[in-house]
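Participant: I'll drop the sequence and a predicted model, then ask my questions.
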Amino acid sequence: MTGRTALTIALAALLAAGCAGAPAPPSPPSSLSPPPPSASGSAPGGQARENGCAAARPLRPGRHTMTHDGLRRTFLLSVPDGEGPHPVLLDLHGLGSSAAEEAAYSRLAVEGPRRGYVVATPQAAEGRMGWTLPGTSGPDDAGFLAALLDRLEQGLCVDRRREFAAGMSYGAAMSAALVCALDGRLAGAAAVGGISVARPCAHPRPATLLAFHGTADRAVPYRGGHPFPDATGTLRALADLVVLPPVERAVDDWARAFGCTGRTASRPAAGVRLRAWTSCPGRTALALYTVDGGGHTWPGAVQVARLGVTSRALDATALILDAFDRAPAR
């Protein structure tokens, strides 16, 4: 068993219990939409795609389905007012969680449309507790998320130059991994509680990358090492197979991969440290918010006691949208 496989199993076991405490909103109205022929998947950065600004039947808010790689996939959709073109944001749930829980926890499905974003909150494949990181076995989730972006481009008036991803925990890792896996398609990504789980590729395309992490995270330790220090039994044995880098080192690795220099440090709020880079090539921006004493939590979200302390000193949802608002179009 590889370290990444063991990490997937271990995170699933922890978060199946931990994230169950997160409140879920009422189920959105069902809106089952058969995908157009090309929605079964197109390669990242592939051929020309249809323009949804002229769509005869635009996608409506609610729950949708599509088929990719022979699997039936679902996503929740929130749509802003106005004609567009609108930026697009994918919001990815953590292991053991769900699209509905992620929408409630991150609040991006509500706050994003208020800023003019189309927000899609997809669900991992049926029978899977989380996403398949690039290079690991399982459904082709990078391909599915690329196909989902295609579907949004075909069904809504969106700005293809301003497509983003954000997520919590393993969804955070997947969001960061998409910067490389989609080969420059994303203008930016945000990772809450999971930036150290996915490693950067050698030469990522320019993008905005924002990370948040608590120093008291008991699932993905800020200082690195084995995840789940409180685990026992089988979960402990699985966690012992995995060694994560310290969060600061993981972000430094992204800085080196992007070619960023000139790191600065500041205190934007009580108990919060901000590390940012002042000199990055192209359209790149990179920053890490460290929450002193913060748990495996989304700053500013509803408190989930079993996940640790949730900071009230900053609002990750607002900061993510602020960063994406400023991000240069790709």
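Facilitator: Yes, it's here.
Participant: farthest residue from the center of the chain?
Facilitator: Ala56 (30.5 Å; C-alpha atoms, centre = their mean).
Participant: can you report how many residues lie near the residue nearest to Arg107 when sequence neighbours are not counted?
Facilitator: In space, and not counting its chain neighbours, Arg107 is closest to Thr317: 4.9 Å by C-beta to C-beta, 6 or more residues apart in numbering. (Each C-beta comes from the backbone N, C-alpha and C, glycine too.) Residue neighbour count, defined by other C-beta atoms under 10 Å, stands at 23 for Thr317.
Participant: my read: Thr317 touches Arg114, true?
Facilitator: No. Counting by C-beta atoms under 8 Å, Thr317 does not reach Arg114; the two are 10.6 Å apart.
Participant: and the lengthiest strand in the chain, average pLDDT?
Facilitator: For the chain, the longest strand by residue count, based on DSSP state E, is strand 158-168. Strand 158-168 shows a mean pLDDT of 98.
Participant: try stretch 211-229
Facilitator: pLDDT averaged over stretch 211-229 gives 95.
Participant: so which bits of that stretch are buried?
Facilitator: 211-215, 217-222, 224, 226-228 (16 or more other C-beta atoms under 10 Å).
Participant: before we move on, what about stretch 276-296?
Facilitator: So, applying 16+ other C-beta under 10 Å, buried residues of stretch 276-296: 276-277, 280, 284-292, 294-296.
Participant: likewise stretch 234-242?
Facilitator: 235, 238-239, 241-242.
Participant: my guess is Phe258 contacts Cys280, does it?
Facilitator: Yes. At 5.7 Å, Phe258 counts as touching Cys280 under the criterion of C-beta under 8 Å.
Participant: which neighbours do these two share?
Facilitator: 206, 286 (C-beta atoms under 8 Å, 6 or more residues apart in numbering).
Participant: can I take it that Ser175 is in a helix?
Facilitator: Yes. Counting by DSSP: H, G, I helix; E, B strand; the rest coil, Ser175 is part of a helix.
Participant: what sits against it?
Facilitator: For Ser175, counting by C-beta under 8 Å, 6+ apart, the contacting residues are 90, 92, 165-167, 189-191.
Participant: for the residues you listed, which one is nearest Ser106?
Facilitator: Nearest to Ser106 out of the contacts of Ser175 is Ala166 (C-beta to C-beta; 7.1 Å).
Participant: now do that closest one against Leu238, distance only.
Facilitator: 27 Å (C-beta to C-beta, to the nearest Å).
Participant: for Gly282, which non-adjacent residue is closest in space?
Facilitator: Pro206 (3.3 Å).
Participant: SS state for that neighbour?
Facilitator: Pro206 - assigned by three-state DSSP - is coil.
Participant: from Tyr289, how far off is it?
Facilitator: For Pro206, the distance to Tyr289 - C-beta to C-beta - is 21 Å.
Participant: low-confidence ranges in this structure?
Facilitator: The model of the chain has pLDDT under 70 over residues 1-50.
Participant: so which residues of it form strands?
Facilitator: Using DSSP E, strands in the chain cover 62-68, 71-78, 86-92, 118-122, 158-168, 188-192, 208-214, 261-269, 272-279, 285-291.
Participant: comparing the ones you listed, which comes out most buried?
Facilitator: When those are scored by mean count of other C-beta atoms under 10 Å, the highest mean neighbour count falls to strand 188-192 (a mean of 30).
Participant: note down every partner strand of it and its orientation.
Facilitator: Counting by DSSP bridges, the strands paired with strand 188-192 are strand 158-168 (parallel), strand 208-214 (parallel).
Participant: kindly reformat those strands as TSV containing distance to Arg60.
Facilitator: Below are those laid out as TSV (distance: least, C-beta to C-beta, whole Å):
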stretch	distance to Arg60
strand 158-168	15
strand 208-214	29
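Participant: which stretch among the ones you listed comes nearest Thr121?
Facilitator: strand 158-168 (9.8 Å).
Participant: any idea how far that closest one is from the chain center?
Facilitator: Strand 158-168 has its C-alpha centroid displaced from the chain centroid by 10 Å (C-alpha atoms, centre = their mean, to the nearest Å).
Participant: got the CA coordinates for that strand in PDB?
Facilitator: Provided in PDB are the C-alpha atoms of strand 158-168 (Å, rounded to 0.1, in the frame of the first residue of the first chain):
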ATOM      1  CA  VAL A 158     -19.200  32.200 -18.000                       C
ATOM      2  CA  ASP A 159     -15.800  33.800 -18.300                       C
ATOM      3  CA  ARG A 160     -13.500  31.000 -19.300                       C
ATOM      4  CA  ARG A 161     -10.400  33.000 -18.400                       C
ATOM      5  CA  ARG A 162     -11.600  33.200 -14.700                       C
ATOM      6  CA  GLU A 163     -12.200  29.600 -13.500                       C
ATOM      7  CA  PHE A 164     -11.200  28.700  -9.900                       C
ATOM      8  CA  ALA A 165     -11.300  25.900  -7.400                       C
ATOM      9  CA  ALA A 166     -11.500  25.800  -3.600                       C
ATOM     10  CA  GLY A 167     -11.900  23.100  -1.000                       C
ATOM     11  CA  MET A 168     -11.600  21.700   2.500                       C
END
